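>>> got a structure for you, letters missing:
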Ligand SMILES: Cc1cc2nc3c(=O)[nH]c(=O)nc-3n(C[C@H](O)[C@H](O)[C@H](O)COP(=O)(O)OP(=O)(O)OC[C@H]3O[C@@H](n4cnc5c(N)ncnc54)[C@H](O)[C@@H]3O)c2cc1C
């Protein structure tokens, strides 16, 4: 019998499986072939200061440390080049009001270290429109998530810890000593289905706020920008010479192909960001759904009535930064009974 059966091999299920395996537990991950994996669509952007007001989550310093250490350890374990590309970010002010938010944060010792020099209108990378100027931000970059997911899938597969299955939770049997599902027997089940947790009858009561997004891959001249540029939209110069550009947000239509409306929104954003948008061509586009939550905190914990059922989800738009730290906390809870950080524990909604 397995110790843990995990549903979903997105970044959450993958990193939790890796963490539990490193702590000596036997796991198996069931995934439907990344049918709806937002981790495959995501840009993997690392940005400690989110939103219009440049606020940081109080745990950001811990997240950054855990993220660096986990992705470095994974590169060694999988014998691959580094997954993280550290690139400073030019943060563009969207309005004069945002300059005041920046000034306020400069006096905040918790985040002041991440705020670099301010620059004036027209002083961003050549070709970037910055009518209100901006500032340089450090501790930013991106994680190559598709390569990481492929590597982890192969690693899990190599130890008989991965299977392609479209899980139907109506067939779950909970017995006195464990769970049975799709021919697997395990002491515990952990659900990591991304936004499809809304179809999970055991956890559909949690306040998920799925957030669909579209991003594009652009071809364009090298050195269009040297930094990650982040204003109303972001543009990431990729190691292979292309660019990632995004993203949209939508809460009503979650599924289906990229719509004309979404394309137009990105096109409008690109015209706002580049002096000459004809220098780039869209070569790929993809849509996915962020597993965002009503209170912007993740969902970790154990079902209130079924102690063998657990959830590890709700990482919203910042899974690349926050999942490694949360995977350690989830393992501490499952293996040692150490209390979960209160803000993530699903007990807050029970
Ligand atoms: C457009 C876009 C841009 C983004 N950009 C960023 C970014 O720059 N930085 C960042 O940190 N985050 C970003 N995100 C968010 C990021 O994708 C998430 O935070 C994170 O990847 C969520 O990982 P997950 O494992 O919880 O979910 P997912 O990646 O969605 O993984 C869930 C997995 O479970 C599988 N699954 C679900 N149900 C079943 C079932 N019943 N049976 C079998 N398999 C099942 C799915 O197919 C999938 O493989 C972005 C998201 C989108 C959509």
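Done, it's in. Nothing here was measured: the structure is a model prediction, and the numbers come from that model.

>>> spell out the secondary structure type for residue 72.
helix (DSSP: H, G, I helix; E, B strand; the rest coil).

>>> name the nearest residue to it, sequence neighbours excluded.
residue 82 (7.1 Å; C-beta to C-beta, 6 or more residues apart in numbering). Placement of C-beta: from N, CA and C, glycine included.

>>> wait, that neighbour sits on residue 75?
Yes: if you go by C-beta atoms under 8 Å, residue 82 and residue 75 touch, sitting 5.2 Å apart.

>>> what parts of the stretch 101-250 of the chain come near the ligand?
166, 167, 192, 193, 194, 196, 213, 215, 246, 247 (C-beta under 6 Å from any ligand atom).

>>> looking at it, the third one is touching residue 12, isn't it?
Think residue 192. Yes: Residue 192 is within contact range of residue 12, at 4.3 Å (criterion: C-beta under 8 Å).

>>> now for these two: what residues contact both?
312, 313 (C-beta atoms under 8 Å, 6 or more residues apart in numbering).

>>> more crowded one of these two?
residue 12 (32 against 27; other C-beta atoms under 10 Å).

>>> which residues are in contact with the more buried one?
By C-beta under 8 Å, 6+ apart, the neighbours of residue 12 are 39, 192, 194, 312, 313, 315, 319, 323, 327.

>>> next step: the residues you listed restricted to strands.
Within these, residues falling in strands by DSSP state E are 312, 313.

>>> farthest-separated two in the contacts of residue 12?
194 and 327 (15.0 Å; C-beta to C-beta).

>>> now do the helices in the stretch 101-250 of the chain.
Here the stretch 101-250 of the chain has its helices, by DSSP state H, counting those that start in this stretch, at 145-158.

>>> so where's it uncertain?
Applying pLDDT under 70 to the stretch 101-250 of the chain flags no residue at all.

>>> what ranges do the strands span in it?
Listed in chain order, the strands of the stretch 101-250 of the chain (DSSP state E, counting those that start in this stretch) span 115-119, 134-137, 141-143, 162-164, 173-175, 178-181, 184-191, 211-219, 228-230, 234-237, 243-246.

>>> follow-up on the earlier one: how near is the residue nearest to residue 72 to the ligand?
As defined by C-beta to the nearest ligand atom, to the nearest Å, residue 82 lies at a distance of 17 Å from the ligand.

>>> residues in the stretch 251-350 of the chain within reach of the ligand, list them.
Counting by C-beta under 6 Å from any ligand atom, the stretch 251-350 of the chain sits next to the ligand at 288, 289, 290, 291, 313, 315, 316, 317, 318, 319, 320, 321.

>>> can you count the residues close to the residue nearest to residue 72?
14.

>>> hang on, residue 301 in a helix?
No: Residue 301 is assigned strand when assessed by three-state DSSP, not a helix.

>>> tell me what it is bridged to.
Beta-bridge partners recorded for residue 301 (DSSP bridges): residue 311.

>>> let me see the contact set for it.
Neighbours of residue 301 in contact, by C-beta under 8 Å, 6+ apart: 310, 311, 333, 340, 344, 345, 346, 347.

>>> just those now: which is nearest the ligand?
residue 311 (10.3 Å; C-beta to the nearest ligand atom).

>>> which one of the residues in the stretch 251-350 of the chain is closest to the ligand?
residue 319 (2.4 Å).

>>> no wait, the stretch 51-200 of the chain
residue 194 (2.4 Å).

>>> that residue contacts residue 311, correct?
No: using C-beta under 8 Å, residue 194 is not in contact with residue 311, being 11.5 Å away.

>>> and for the residue of the stretch 1-150 of the chain found nearest the ligand, the neighbour number?
For the stretch 1-150 of the chain and the ligand, the shortest gap (C-beta to the nearest ligand atom) falls at residue 10, measuring 2.0 Å. Residue 10: 28 surrounding residues under other C-beta under 10 Å.

>>> doesn't residue 37 make contact with it?
Yes: at 4.7 Å, residue 10 counts as touching residue 37 under the criterion of C-beta under 8 Å.

>>> common neighbours of the two, please.
149, 194.

>>> now residue 25: closest residue in space, sequence neighbours ignored.
residue 3 (4.1 Å).

>>> residue 64 now?
residue 139 is the one closest to residue 64 (C-beta to C-beta, 6+ apart), at 5.9 Å.

>>> check residue 187 too.
residue 178 (4.6 Å).

>>> tally of neighbours for the one you found?
Using other C-beta under 10 Å: residue 178 sits among 19 other residues.
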